[in-house]
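K.L.:
Sequence and predicted structure, then a few things I'm wondering about:
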Amino acid sequence: MPSPASNALAWAAVVAFGVGALLWQRRRETGRSVLVVSWALFAVFWAQLAPHFWVAKRSFIEAGLSALAVPLCLYAGYTLWQGRDSLVALSRAVAWMGLIYLPFETVPAFSVAGVSVPAPRAALIGVVTDQTMWVMKTLGHHPELVRGDQGYLNTFRFVTPEGHVILFSLVLACTGLGSISIFAGLVAAVDAPLRRKLRGLAVVVPVIYALNLARTTFIGLVFGKQYMHWFADAVLFLFDGSDPYKVSFYLSDRVISQSLAVFALVGVTYLLVRELPELLALVEDALFLLTRNEYDLAAALDLPRQPAITDGGVDADD
């Protein structure tokens, strides 16, 4: 789990993005300056998070993506300062992503009038845990559900034939909320009729959630049942591990699932832009930051390019 300092930095960046996007409407150059600072803050956020993924989580893919995000964020700020105004929409999308995700990461449990209110994180993890357990039972597996280190009932307890206990805990990153927040933020940031925005979300959110349940079930069973105890010495060396029972976890989660997630995000993006072509401009801006080349995805994917519309506008299919 990220540290309080990391959470504070994330909130600072998100709030700055939101303020900058609002200022852009009335005081463009002031808004531009705030958004440039926002991208710099976002770069610092990813810079301090990369070691966490590398050392604490042994996730080379997440660490690599975090490290890559640092120069990309700095370049986004520089490019926006130089006059690429289309990046304001991408900045607004980051603000929405953070506003959707961060309450689940940072808001603790509290009591109101003597009634205990669980943390949003705990509630969401509980739902995903219950549904993952249902899928496992449907497949004929019945691990015991126990409380994890955070006090949540989110940990699957497996026992190997030789009596070794394996614990597999679900955390916020296992809920699919991160991916859902990305696409919801993109949808919220574009100018398009509300009906098509909701239709786009209705397509991608269930797909992401179903894929995530498949992922948690796959990792849980492969780890708990030790189905991928392959090349143990090499895997432990690669991940700087010492527990041979974690080989199946490293392979199923850190290698297979995280690699497939990249392809899944590309596929979900394609589904969404077919429903909401306005997103093509944001995707093209992201590709420009990655490659410094301009792209015409509408022509490449044979998709219509919707013109920008004002808030509250309608189009022919509404």
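P.N.:
Looks like it came in fine. Residues are numbered from 1 along each chain as shown.
K.L.:
Glu29 belongs to a helix, doesn't it?
P.N.:
Yes: assessed by DSSP: H, G, I helix; E, B strand; the rest coil, Glu29 belongs to a helix.
K.L.:
That one - how many residues pack around it?
P.N.:
9 (other C-beta atoms under 10 Å). Using the backbone N, CA and C atoms, a C-beta is placed for each residue, glycine as well.
K.L.:
now Gly98
P.N.:
Neighbourhood size, Gly98 [other C-beta under 10 Å]: 22.
K.L.:
residues touching Ser38, list them.
P.N.:
Listed by C-beta atoms under 8 Å, 6 or more residues apart in numbering, the contact set of Ser38 reads Ala13, Ala16, Phe17, Gly20, Gly77, Ser91, Val94.
K.L.:
How about it: what's its closest non-neighbour residue?
P.N.:
Ala16 (3.9 Å; C-beta to C-beta, 6 or more residues apart in numbering).
K.L.:
what's the answer for Ala119, then?
P.N.:
Ala109 (4.4 Å).
K.L.:
Which of the contacts of Ser38 fall in strands?
P.N.:
Using DSSP state E, the subset of these located in strands is empty.
K.L.:
Out of these, the closest to Val44 would be?
P.N.:
Nearest to Val44 out of the contacts of Ser38 is Ala13 (C-beta to C-beta; 8.0 Å).
K.L.:
which SSE is the residue nearest to the closest one when sequence neighbours are not counted in?
P.N.:
Using C-beta to C-beta, 6+ apart and skipping the chain neighbours, the partner closest in space to Ala13 is Leu41 (4.0 Å). Applying DSSP states H and E as the criterion places Leu41 in helix 28-51.
K.L.:
Same question for Gln258.
P.N.:
helix 258-275.
K.L.:
Pull the distance from that helix to the chain's centre.
P.N.:
12 Å (C-alpha atoms, centre = their mean, to the nearest Å).
K.L.:
Counting by contacts, list what that helix packs against.
P.N.:
helix 60-81, helix 177-189, helix 194-224, helix 280-291 (3 or more C-beta pairs under 8 Å, 6 or more residues apart in numbering; DSSP states H and E).
K.L.:
got the angle for the third one vs helix 177-189?
P.N.:
With axes from the mean of the first three to the mean of the last three C-alpha atoms, to 10 degrees defining the directions, helix 194-224 sits at 170 degrees from helix 177-189.
K.L.:
Helix 194-224 - contacts with which helices or strands?
P.N.:
Using 3+ C-beta pairs under 8 Å, 6+ apart: helix 194-224 touches helix 120-138, strand 155-159, strand 165-169, helix 177-189, helix 247-249, helix 258-275.
K.L.:
In PDB, list the C-alpha atoms belonging to the last one.
P.N.:
This file holds the C-alpha atoms of helix 258-275, laid out as PDB (Å, rounded to 0.1, in the frame of the first residue of the first chain):
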ATOM      1  CA  GLN A 258       0.500  -8.300 -15.900                       C
ATOM      2  CA  SER A 259       1.600  -8.900 -19.400                       C
ATOM      3  CA  LEU A 260      -1.800  -9.900 -20.600                       C
ATOM      4  CA  ALA A 261      -3.300  -6.800 -18.900                       C
ATOM      5  CA  VAL A 262      -1.400  -4.600 -21.400                       C
ATOM      6  CA  PHE A 263      -3.100  -6.300 -24.300                       C
ATOM      7  CA  ALA A 264      -6.500  -6.300 -22.500                       C
ATOM      8  CA  LEU A 265      -6.300  -2.500 -22.000                       C
ATOM      9  CA  VAL A 266      -5.600  -2.000 -25.700                       C
ATOM     10  CA  GLY A 267      -8.600  -4.200 -26.600                       C
ATOM     11  CA  VAL A 268     -10.900  -2.400 -24.200                       C
ATOM     12  CA  THR A 269      -9.700   1.000 -25.600                       C
ATOM     13  CA  TYR A 270     -10.700  -0.200 -29.100                       C
ATOM     14  CA  LEU A 271     -14.100  -1.200 -27.800                       C
ATOM     15  CA  LEU A 272     -14.600   2.200 -26.200                       C
ATOM     16  CA  VAL A 273     -13.500   4.400 -29.100                       C
ATOM     17  CA  ARG A 274     -16.000   2.600 -31.300                       C
ATOM     18  CA  GLU A 275     -18.700   3.800 -29.000                       C
END
